[in-house]
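*Asks:* Dropping the sequence and predicted coords here.
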Amino acid sequence: MFKNYIKIAFRNLMKHKFYTFINILGLSVGVAVCMIITLFVINELSYDKHFKDSDRIYRIHGDIIFGGHNWDMVYAPAPMAETLPEEFPEVEAAVHFRQQGSYLVKKEDESIKENDAVWAGKDFFKVFEQPILEGDQENPLAEPNTMAISQRIAEKYFPGESAVGKFLNFDNRLDFRITAVYQDFPENTHFHFGFLLAAEGLEEAQSNTWLSNNFQTYVKLREGASPEAMDAKFPSLIKKYFEPELSHLFGEGATIEAMNGNGDKVEFNLQALNDIHLKSDFLGEFEPNFNLTYGYLFISIALFILIIACINFMNLSTARSSNRAKEVGIRKVMGSYRSHLIRQFLMESILLSGVSFLIAIPLVGVLLPVFNELSGRSLQIPFAAGGFYGVLIFGAIAVGFLAGTYPAFFLSGFKPISILKGNMSLGLKSGIIRSSLVVFQFSISIILIIATIAVFNQLNYIQNKKIGFNKEQIITVDDVYALGDQVETFKREILANSMIDAGTITGYLPVSGTWRSDSPWWSEGKDPKQTENLVSLQNWAVDFDYIETMGMNIVEGRNFSLDFPSDSNAVILNETAARNFNFDGDPVGKRIYALADFDELNLDNLQGKTVVGVVENFHFESLKENIGPVMIFLSNRPRGIASFRFNSANTNDVVELIGAKWKELAPGQPFTYSFLDDRFGKMYASEVRLGKVFGIFAGFAILIACLGLFALTAFTAEQRTKEIGIRKVLGSTIGSIIVLLSKEFTKLVVIAFLIASPIAWWIMNQWLKDYQFKQELGWQVFLGAGLFAVVIALLTTSYQSIKAATANPVNSLKSE
């Protein structure tokens with residue numbers, strides 16, 4: 001019997017090759033999309049689980065409010081890593097990290113820029129038991145000026161030889177001896193360090209100051225220890241170590257309780273290692289993490305696309321039902337049970353699903369590199385995993401049942417007497433179910449279209465919004481410290497060229513990923529011991545040409561000028577900082593003081609800095625953030641990044657000019673450049689990827705939905721063949737018949753649009769809530785998506801409509 005089911009199923013599928021092809025195409029695409037998203041989400045959920053005892057490893061998370069600013073961060077004080085094992089018996093080991101940007105690493109005469117070096121505490125390998133392949137297995141980071149390197153770095157600098165015991169130079173000033181080579185971190189790790197520099201040689205790491213938070217700190221708890229119990233002990237730790245420093249700074253009245261009463265706070269708690277990649281977006285992350293909400297969203301979309309494909313199969317099956325009606329009637333007359341027919345039709349569905357899964361695998365192979373490029377991952381089909389094939393078989397059967405259940409029960413339910421009498425009115429409740437399925441298909445498609453438009457609408461807003469500086473035609477050159485004492489010469493000689501309008505040297509640029517430094521200040525006449533008088537603001541050290549090069553606007557006062565020697569002690573505030581200081585009158589001429597310089601016994605002799613100007617607010621972080629307070633001051637030791645504004649339309653000439661001068665003044669040092677607008681664009685790379693992913697999903701959903709609409713058109717045209725013939729005999733035109741058939745489907749799309757619009761509006765407004773500056777969703781977005789869906793639907797239905805309208809009525813009526 002089973003063999004007979006398969007044979008009949010195969011014959012029926014081959015008999016209707018065109019519709020079988022459409023069925024397989026729709027299901028294959030749906031299954032391929034679902035497989036890719038499943039691989040992606042499984043990969044994201046696996047982050048950091050490869051570490052031994054990963055469930056016992058936690059990161060210290062800090063939440064501090066001080067001086068009107070909130071730091072939700074992964075930084076902690078330097079002494080915390082050493083103190084936690086001493087204070088808390090639950091802690092088995094602790095390690096801290098200090099990341100200080102990129103380094104120029106030199107083996108002999110040539111330097112290479114490396115971005116994956118970090119200072120790490122001596123107990124790194126006790127917390128993260130990463131396999132050591134060569135060298136000191138016990139404590140490779142115990143001594144200053146030593147380091148452990150990854151296998152990839154060892155092969156890069158010492159190919160074919162042992163790296164242990166060798167030296168590498170950092171930034172032309174520090175020599176590190178390699179004590180161990182460890183296995184490369186897998187891709188599904190939330191950090192990927194190639195160099196672990198022993199923090200024993202870092203001055204900041206030896207600090208006993210608890211009021212400075214610069215280190216990412218991790219702990220491994222002992223077996224059975226409760227992270228909740230440890231969280232409950234942090235307040236006592238804060239009081240024991242933070243409060244004495246507060247009292248020393250502000251006087252005996254400065255207690256943690258007093259801080260909390262003023263609206264300030266210092267809190268620390270544990271964050272599970274396995275939660276970092278999925279649930280963390282704090283200040284100080286090593287790498288961008290994944291938003292778990294997007295994971296749920298992508299899985300939902302993938303399932304919806306698969307369901308759309310199954311609906312497509314249902315509609316195609318029922319649309320061609322008249323071809324199977326007499327078969328069903330005869331089989332029932334000959335004694336077939338309905339259960340036998342159901343098994344027959346389900347077998348056809350499962351067979352078709354199995355073929356679709358087989359075709360989906362090479363389709364995934366084709367699409368996966370594209371998805372990897374979009375997502376920044378290196379996903380592969382897990383052919384070597386035995387469970388993969390079991391999942392495929394189970395999936396094919398499950399999808400076959402999902403797609404085939406309704407058609408099986410529908411077709412097997414035909415009454416043989418009615419069929420054999422020629423009654424082919426096979427619609428179920430006037431086609432409400434089929435119409436509802438198409439409405440569902442297009443609702444999902446329209447939601448995805450609106451989401452895609454909304455994402456790119458926000459990106460367009462970001463690119464065109466007035467951001468307070470001019471990011472166009474600025475080239476930036478990294479690591480100018482490699483020039484040594486030739487920095488000013490480099491700047492001066494580049495500025496001498498007519499292609500260059502202005503230039504500045506500083507690591508503080510108004511884009512993410514460049515230098516940041518903040519500290520509390522107070523204004524003249526205020527009591528710094530009252531924390532509400534403190535303003536926490538960014539402190540940016542620049543040169544005289546910074547404002548001009550960045551294209552910023554002075555709204556009060558003046559810019560820095562060589563004509564004023566006193567500007568060495570002057571500052572320019574942005575509008576937010578000027579407002580937060582709450583000056584009495586014009587801010588220009590007022591004096592501000594750093595909390596770090598506070599000395600209650602010598603308050604009258606504090607030098608402070610004088611405000612000489614106010615610059616228009618400019619965005620220096622993502623538009624998800626409000627514009628914070630910034631103080632700009634002059635530095636007599638420019639370093640970091642050289643930025644030049646150029647006027648040439650040929651950027652290659654500018655790059656060649658600057659590159660040639662760099663090689664002349666810094667031979668053997670890597671010339672690394674970029675453009676400021678590109679740096680700005682990278683701040684929104686995730687949004688660009690999201691828009692592209694939505695666009696691809698929308699395209700697949702529309703493709704499959706259109707196949708479903710094609711099925712409904714075929715079904716309707718088949719059911720109304722004689723009606724169309726009679727209408728043509730009575731004088732109806734081809735155009736009127738096309739309109740007659742098409743308007744029904746247009747109504748379905750309009751209904752789908754009315755359902756999808758409020759849902760899409762809610763979803764995208766939730767997404768836009770993350771942005772402090774955003775483009776509101778206008779009616780044009782929804783109208784555009786609706787019109788697009790209607791046009792696509794009309795194009796899809798036009799084939800069957802025109803075919804039915806142009807058919808010879810004699811052929812449709814000759815049986816009467």
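*Replies:* Structure's in. What do you need? As the structure is a prediction and not an experimental result, all values here were calculated from the model.
*Asks:* next helix or strand past the lengthiest helix in the chain?
*Replies:* Under DSSP state H, the helix in the chain containing the largest number of residues is helix 338-375. Next helix or strand after helix 338-375 toward the C-terminus (DSSP states H and E): helix 386-412.
*Asks:* Would you mind pulling up the elements that that following helix packs against?
*Replies:* helix 17-45, helix 292-319, helix 322-333, helix 338-375 (3 or more C-beta pairs under 8 Å, 6 or more residues apart in numbering; DSSP states H and E). C-beta coordinates here come from the backbone N, C-alpha and C atoms, glycine included.
*Asks:* Which stretch among these is buried most, on average?
*Replies:* The highest mean neighbour count among the helices and strands packed on helix 386-412, using mean count of other C-beta atoms under 10 Å, belongs to helix 292-319: a mean of 22.
*Asks:* Could you list every helix and strand that that helix packs against?
*Replies:* helix 17-45, helix 273-279, helix 338-375, helix 386-412, helix 432-464, helix 685-719.
*Asks:* Centre of the chain to the third one, how far?
*Replies:* With C-alpha atoms, centre = their mean, to the nearest Å as the basis, the distance from the averaged C-alpha position of helix 338-375 to the chain average is 29 Å.
*Asks:* next one: the last one
*Replies:* Computed by C-alpha atoms, centre = their mean, the separation of helix 685-719 from the middle of its chain amounts to 24 Å.
*Asks:* Just the CA atoms of the very next helix or strand once past that helix, as CSV, please.
*Replies:* Using DSSP H and E, the helix or strand that directly follows helix 685-719 along the chain is helix 721-729. This file holds the C-alpha atoms of helix 721-729, laid out as CSV (Å, rounded to 0.1, in the frame of the first residue of the first chain):
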residue,chain,number,x,y,z
THR,A,721,-14.8,29.3,-17.1
LYS,A,722,-18.4,28.9,-18.2
GLU,A,723,-19.5,32.2,-16.7
ILE,A,724,-16.8,34.0,-18.6
GLY,A,725,-17.8,32.2,-21.8
ILE,A,726,-21.4,33.3,-21.4
ARG,A,727,-20.4,36.8,-20.6
LYS,A,728,-18.3,37.0,-23.8
VAL,A,729,-21.2,35.5,-25.9
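*Asks:* now helix 721-729: mean pLDDT?
*Replies:* Mean pLDDT, computed over helix 721-729, is 72.
*Asks:* got the angle between that helix and helix 685-719?
*Replies:* Inter-element angle recorded for helix 721-729 and helix 685-719: 80 degrees (by axes from the mean of the first three to the mean of the last three C-alpha atoms, to 10 degrees).
*Asks:* Against which helices or strands is helix 721-729 packed?
*Replies:* Counting by 3+ C-beta pairs under 8 Å, 6+ apart, helix 721-729 packs on helix 734-768, helix 779-806, helix 809-813.
*Asks:* Just give me the neighbour total for residue 207.
*Replies:* Close neighbours of residue 207, defined as other C-beta atoms under 10 Å, add up to 14.
*Asks:* Residue 651 and residue 475 touch, don't they?
*Replies:* Yes. Under the criterion of C-beta atoms under 8 Å, residue 651 makes contact with residue 475 at 7.5 Å.
*Asks:* Of those two, which one has the most company?
*Replies:* residue 475 (22 against 13).
*Asks:* Show me what that one is bridged to.
*Replies:* residue 644, residue 675 (DSSP bridges).
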